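Visitor: here is my input, please return the structure:
(chains A, B, C and D)
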Protein chains: 4
Amino acid sequence: MAQNPVRFGLIGTGRIGQVHAASIAANPQAELAWVADPFIDGATAVAARFGGTVTDSPGELIESGQLDAVLVASPTPTHVDLIEACVDAGLPVLCEKPIDLDIKRVDALRPKVAMSGVPVALGFNQRFDPSFARVHARVQAGEIGELEQLTIISRDPGPPPANYIGVSGGIFRDMTIHDFDMARFFVGDIVEVSATGAQLFDPGAREHGDFDTAVVTLRAASGAVVTIVNSRRSPFGYDQRLEAFGALGMLQVGNLHSNLVSFSSAPSVEAKEPYVEPFIERYAQAYALELAEFIKLVRGAASSSPGFEDGRTALMIANAAQRSAEEGVAVRISE
Amino acid sequence: MAQNPVRFGLIGTGRIGQVHAASIAANPQAELAWVADPFIDGATAVAARFGGTVTDSPGELIESGQLDAVLVASPTPTHVDLIEACVDAGLPVLCEKPIDLDIKRVDALRPKVAMSGVPVALGFNQRFDPSFARVHARVQAGEIGELEQLTIISRDPGPPPANYIGVSGGIFRDMTIHDFDMARFFVGDIVEVSATGAQLFDPGAREHGDFDTAVVTLRAASGAVVTIVNSRRSPFGYDQRLEAFGALGMLQVGNLHSNLVSFSSAPSVEAKEPYVEPFIERYAQAYALELAEFIKLVRGAASSSPGFEDGRTALMIANAAQRSAEEGVAVRISE
Amino acid sequence: MAQNPVRFGLIGTGRIGQVHAASIAANPQAELAWVADPFIDGATAVAARFGGTVTDSPGELIESGQLDAVLVASPTPTHVDLIEACVDAGLPVLCEKPIDLDIKRVDALRPKVAMSGVPVALGFNQRFDPSFARVHARVQAGEIGELEQLTIISRDPGPPPANYIGVSGGIFRDMTIHDFDMARFFVGDIVEVSATGAQLFDPGAREHGDFDTAVVTLRAASGAVVTIVNSRRSPFGYDQRLEAFGALGMLQVGNLHSNLVSFSSAPSVEAKEPYVEPFIERYAQAYALELAEFIKLVRGAASSSPGFEDGRTALMIANAAQRSAEEGVAVRISE
Amino acid sequence: MAQNPVRFGLIGTGRIGQVHAASIAANPQAELAWVADPFIDGATAVAARFGGTVTDSPGELIESGQLDAVLVASPTPTHVDLIEACVDAGLPVLCEKPIDLDIKRVDALRPKVAMSGVPVALGFNQRFDPSFARVHARVQAGEIGELEQLTIISRDPGPPPANYIGVSGGIFRDMTIHDFDMARFFVGDIVEVSATGAQLFDPGAREHGDFDTAVVTLRAASGAVVTIVNSRRSPFGYDQRLEAFGALGMLQVGNLHSNLVSFSSAPSVEAKEPYVEPFIERYAQAYALELAEFIKLVRGAASSSPGFEDGRTALMIANAAQRSAEEGVAVRISE
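Guide: Numbering: from 1, shown residues only, chains lettered A, B, ... in the order given. Below you'll find the predicted structure:
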């Protein structure tokens, strides 16, 4: 029997909020019922396109009594309070990463989330990318034997604005945190973190004492070793690769080309068109599948949505990486 | 200023009709206003999902007075009469290929279409595939110099049912006709056709005296030589490749993989997952872009939609290929 | 027990003769004992590098009594007489293709070769290319099921000098003949030939009434259909590709890159360095393996060297292609 | 004017010695004059194939007075004494890496080498691999802008015998040392080393307290960050990749396939045949070019052969990596 669509409230209508609004509109099992943004024009524009009642008050949205779930896509400093309000209201919530930049605030919220029984999911969308998910499934199926080395190369098309860098929490908490979650997705518990950071090209990173380039090595409880190579800039489009290496073979995820064309001429051959650049294009399917998995969670079905604890652990690894890069020591962590 | 969406009537709700219905629903400049199919359950199901008034009578749809354009996706033998009815009603029409299997019927309709001024577009969707279109644009821009050789390899995932083969008009009119249109898209007028056909594996083809395997060589007025390699079956997914070769280089379109994963192990390395299989998946963007281009035509804007004459010429080339394959002679054609 | 090296006489010291001289010198089972070339400086230079007694007289070489085998790399019009002289002298001979441009001369020599029992091998070196040979072996092993379509794309880096075109016998006898032999290697007996030729860019071809561009379709007795796409020029290096397609899969041979480097930047990604250009570089291993196989033949061991009949049949197919291209008809041949 | 070939004495006729013997024999500017190995049968076999006077005494070889240069391919513990003897005899020497496992012994020899003026080259053959060298040249030419990140993935086909592990000096001094030299070749002086090692699969590594898996991060004086991923085993052939990433682009070196064949079938497409496995096959050209460059050095011409200081510095980095992996700290080094 067909179920009623899950009525979503969306908080935050920036770039990522708009992606989620479109995903909700495109999913026949979901509908956009409320849209909140203190920047009311953003909320109005999203509602005009995808439906929903508009408010500038997230609190009004949460207390509307007309929702089955909330999607939080507002700035990071608001996440903890909004998750708490949703949990208090008994509303399942899918919140963008990170939970917060301050592990103390995360830990303060932790017991309430744990005891509430209200589903809290974290927006680690890359787990749902069909290619990464396929490699994960094939690794689980034993195709490469024991997973020994995981190598992630992750480079953004370009650095964010300098003022964003200033409030981002730094490259490890802002950008590498996706790779930390992917590492845990593949190898499980992480026990040691070694990180190296550099300021090579981005004035914004320099201004705010952040790195624009980083390499992180993780050691897993399983023994597996993870290597993450990051840059805030890639001149040839979005660079998002992964290699899972084991006793029997290697599974790789390559980059997404903008089309199927290649060109051969005197200077070079088989030159392909650039990789897609916007993360929204690279991870379009991932966002849709992330939402679908969260809807299962809302409905009480089996779901593999990453949750509050995944968000907290990724932040702990990011903190360890920050300390390792600053102090030049390998940092032990216990999840 | 925003224009009202183009109100579409859809005739035919088989596999391809459903693709068009979805494209119409997804395009903010279009809406599905009427759906007709003598198999009324099909029409009802499509309307339930994408909207529109249901009828079992294409005539009622055309005469409803509530449409701006018609999309014909019904069986081939109905195309000529439906195009004529649309033209009589002054309704722009986008009709699936081929116009008809009988050139005499096409020619009988031809003067009316020409004189009416009513836009008639043919469903050669591959022209709108982003990869083929990109190669076309780069060839036009002179990147490979004069185009000398065009090579198209086109293999379907599997043969159609035997009873469809019986009414299909044969491989050249049914399947290769797409490649003939692509050839004209790239090299312009075709002046000579040589074809070789074979019955190698498909009982349906054997039963109906059709080929399941074919190679066609076309000579263009420009001097360019086109080679088309066809099979009704491909064991590794949809095989749709194209190479444009010239004095300065070569542009190629490869196949669409189902994801970005590759696998290396002892027996082989860099093994990718199979190509996508359904044509609907391979040409998803092409159908959407074909519709968008037709909407421009309906609105009187500049449009590159292939038209009635393109449909007629492709049929003439197909007829020449059939004769060439049967008689073992190169057949001259004059467009 | 080690055998004495096979003592070779080399006739002809042009580009291809030098390749064979180097192969002989590099093979521990062969030695270069005599070198003949009416252009004595050529013979002297080769002997200085790789050893051997020098003469300007092929006859003196053949009658020296110091040879176990002869390698004929002189101009095509000399082949028939030299093969005959070798056969008369009881000397196994490896002769470059084609045997002759005139099938009558070939047929006149045929009975003597057949009755002599002297091994005569033809220089269809591509059969020994490790990649083509590997595809052949995997096809034989059944990996693609029944072979249904063979597609060969073969383009030379650039056209030969105009005066060579004049004596070459035309593109089919001079260049495509390699592809005809490859076709037979893969699909066996050929029963029908359809060819299309064009003059698109080479003044030498135009001057001598030859084609610079050609497409040939072959039908095999097995039912398999072969497509050959040729050009006398390739702007991006030597283009030598092959696809064997069947019920279960497809085996492909790609081009040989000059190194393992690829480059990604803003305009394009994964651009590889050009394919190797000289045929000697592309087929370096093939020449060495061709010689090794001929040495087996000389020693009476099992050998897969193509022979006189292979050379004759390839010429018959080339003749049929020439006629087909000129008359616009499919030409039946009986091997 | 042609110069006399350089007369080489080869010390050590194991696997790598045999490679050098073949390179010397194949180079027209070199000849193998003496071969020494205490295991006299090895020396005799090499001389039988490639020429040279045989001795079981390296000293006799060095003092023969019949040499222009010496190639040392004997076990590591003999290197320091043999280099010293060559230097004392005024004989240019090309010595396999590493100079020694003990930096104290290296430093004790250092002043003599520096003051002698006798050319001492180290066998970092990978610098001469045409693909790595080509990337180096393109980086130098500015094609990727400033080099920011160098990523090296280097995995051997399989672990060496356990008893070799015991005397190897550990993975960093034995295997990664090649990658350390490549890092210096690309980014210049290294100032900081962070290493992580693991025992995941090799009983030999476990027995001798060595790692079979390692990741190393290097920081260069230029600011560039280098990542090295190592494994003692690769199930799909020799895995030797490199990526140079910068502001304008990325240059990559891929693996060497054993041929040009790929296979597409129902389970996977474009599956290539395994990478070549023996290092001798992967680096065949590199060994020949290394020798050619050393011959320039012997003859007093400009040469880019890496020398004693390169060998010493690579060892220092390896020592730092060992300490970093053991103590969990980033180790500063000053070259």
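Visitor: now do the strands in the stretch 151-300 of chain A.
Guide: Assigned by DSSP state E, counting those that start in this stretch, the strands in the stretch 151-300 of chain A fall at A:190-198, A:213-220, A:225-231, A:239-246, A:249-253, A:261-265, A:271-272.
Visitor: got TSV for the ones you listed, with mean pLDDT and distance to B:Leu291 too?
Guide: Every C-beta, even on glycine, is put in place using the N, C-alpha and C of the backbone. Putting these into TSV (pLDDT from 0 to 100; distance: least, C-beta to C-beta, whole Å) gives the following:
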stretch	mean pLDDT	distance to B:Leu291
strand A:190-198	98	49
strand A:213-220	98	45
strand A:225-231	98	40
strand A:239-246	98	31
strand A:249-253	98	33
strand A:261-265	98	23
strand A:271-272	98	28
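Visitor: flag the shaky bits of the stretch 1-150 of chain A, pLDDT-wise.
Guide: Applying pLDDT under 70 to the stretch 1-150 of chain A flags the ranges A:1-2.
Visitor: what residue in it comes nearest to chain D?
Guide: Using C-beta to the nearest C-beta, A:Glu148 is the residue of the stretch 1-150 of chain A that sits closest to chain D, at 5.0 Å.
Visitor: hang on, that residue packs against D:Thr213?
Guide: Yes. A:Glu148 is within contact range of D:Thr213, at 6.0 Å (criterion: C-beta atoms under 8 Å).
Visitor: overlap in contacts, the two.
Guide: Common contacts of A:Glu148 and D:Thr213, defined by C-beta atoms under 8 Å, 6 or more residues apart in numbering or on different chains, comprise A:225, D:198, D:200-201, D:231.
Visitor: what is the subsequent helix or strand relative to the helix or strand in which A:Arg323 is found?
Guide: Using DSSP states H and E, the element containing A:Arg323 is helix A:308-327. As assigned by DSSP H and E, the chain's next helix or strand after helix A:308-327 is strand A:331-332.
Visitor: please work out which residues outside that next one touch it.
Guide: Residues from elsewhere that reach strand A:331-332 (C-beta under 8 Å, 6+ apart): A:191-194, A:320-321, A:323-324.
Visitor: could these be laid out in JSON lines, adding neighbour count and distance to chain B?
Guide: Formatted as JSON lines, the contacts of strand A:331-332 follow (neighbours: other C-beta atoms under 10 Å in any protein chain shown; distance: C-beta to the nearest C-beta, whole Å):
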{"residue": "A:Val191", "neighbour count": "15", "distance to chain B": "28"}
{"residue": "A:Glu192", "neighbour count": "18", "distance to chain B": "28"}
{"residue": "A:Val193", "neighbour count": "28", "distance to chain B": "28"}
{"residue": "A:Ser194", "neighbour count": "27", "distance to chain B": "27"}
{"residue": "A:Ala320", "neighbour count": "23", "distance to chain B": "30"}
{"residue": "A:Ala321", "neighbour count": "30", "distance to chain B": "27"}
{"residue": "A:Arg323", "neighbour count": "16", "distance to chain B": "34"}
{"residue": "A:Ser324", "neighbour count": "24", "distance to chain B": "31"}
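Visitor: so what's the closest residue to chain C within chain A closest to, chain neighbours aside?
Guide: Nearest residue of chain A to chain C: A:Ala271, at 3.4 Å (C-beta to the nearest C-beta). Nearest non-adjacent residue to A:Ala271, counting by C-beta to C-beta, 6 or more residues apart in numbering or on different chains: C:Ala271, 3.4 Å away.
Visitor: touching, the one you found and C:Ser262? I think so.
Guide: Yes. Look at C:Ala271 against C:Ser262 with C-beta under 8 Å: they come within range, at 6.1 Å.
Visitor: roughly how far is the helix or strand where A:Val139 lies from the heart of the chain?
Guide: A:Val139 is part of helix A:130-140, with elements assigned from DSSP H and E. In terms of C-alpha atoms, centre = their mean, to the nearest Å, the centre of helix A:130-140 is found 17 Å from the chain centre.
Visitor: ok, the residue sitting furthest away from the middle of chain A to B:Ala48 distance?
Guide: Here the centre of chain A is the reference, and by C-alpha atoms, centre = their mean the most remote residue is A:Ala266, at 42.0 Å. Separation of A:Ala266 from B:Ala48 (C-beta to C-beta, to the nearest Å): 57 Å.
Visitor: and A:Pro267, its phi and psi?
Guide: phi -80, psi -30 (degrees, to the nearest 10).
Visitor: actually A:Gly65, sorry about that
Guide: phi 70, psi 10.
Visitor: try the one 3 residues further on
Guide: Backbone torsions for A:Asp68, taken as degrees, to the nearest 10, come to phi -110, psi -20.
Visitor: residue contacts, it?
Guide: Contacts of A:Asp68 (C-beta under 8 Å, 6+ apart): A:6-8, A:91-92, A:298.
Visitor: same question, A:Leu218
Guide: For A:Leu218, the contact set (C-beta under 8 Å, 6+ apart) comprises A:180, A:183, A:187, A:190, A:192-194, A:225-228, A:317.
Visitor: would you mind measuring from the closest residue to A:Asp37 other than its chain neighbours to chain B?
Guide: Once flanking residues are discounted, A:Asp37 sits nearest to A:Ala43: 4.0 Å by C-beta to C-beta, 6+ apart. Taking C-beta to the nearest C-beta, to the nearest Å as the measure, A:Ala43 falls 20 Å from chain B.
Visitor: flag every buried residue along the helix holding A:Arg323.
Guide: Within helix A:308-327, the residues that count as buried by 16 or more other C-beta atoms under 10 Å in any protein chain shown are A:308, A:310-325.
Visitor: of these, which are in range of chain C?
Guide: By C-beta under 8 Å from any C-beta of the partner chain, no member of the buried residues of helix A:308-327 lies near chain C.
Visitor: what does the stretch 151-300 of chain A have sitting close to chain D?
Guide: By C-beta under 8 Å from any C-beta, the residues of the stretch 151-300 of chain A that approach chain D are A:151, A:153, A:155, A:192, A:194, A:196, A:198-201, A:213-215, A:217, A:219, A:223-225, A:227, A:229, A:231, A:233, A:235-236, A:239, A:245-250.
Visitor: only whichever of these are buried, select them in ChimeraX.
Guide: Restricted to buried positions by 16+ other C-beta under 10 Å, the ChimeraX selection for these reads:
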select /A:151,153,155,192,194,196,198,200,201,213,214,215,217,219,223,224,225,227,229,231,233,235,236,239,245,246,249,250
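Visitor: look at the closest residue to A:Ala133 other than its chain neighbours and give its secondary structure.
Guide: Excluding its sequence neighbours, the residue lying closest to A:Ala133 (C-beta to C-beta, 6+ apart) is A:Arg127, at 6.8 Å. Secondary structure, DSSP: H, G, I helix; E, B strand; the rest coil: A:Arg127 is helix.
Visitor: domain ranges for chain A?
Guide: Listed by automatic domain parsing, the domain ranges of chain A are A:6-118, A:127-332.
Visitor: who wins for proximity to B:Glu31 among these?
Guide: The closest of the domains of chain A to B:Glu31 is domain A:6-118. By C-beta to C-beta, the value is 15.9 Å.
Visitor: chain center to that closest one: distance?
Guide: Centre-to-centre, domain A:6-118 and its host chain are 16 Å apart (C-alpha atoms, centre = their mean).
Visitor: and the end-to-end length of it?
Guide: Taking C-alpha to C-alpha, to the nearest Å, domain A:6-118 runs 15 Å from one end to the other.
Visitor: ok, and the closest non-adjacent residue to A:Ala220?
Guide: In space, not counting the residues next to it along the chain, A:Ala220 is nearest to A:Val187; the distance is 4.0 Å by C-beta to C-beta, 6+ apart.
Visitor: counting neighbours, what do you get for the residue of the stretch 1-150 of chain A closest to chain D?
Guide: Counted with other C-beta atoms under 10 Å in any protein chain shown, residues neighbouring A:Glu148 total 23.
Visitor: likewise for A:Ser265?
Guide: By other C-beta under 10 Å, the residues close to A:Ser265 number 19.
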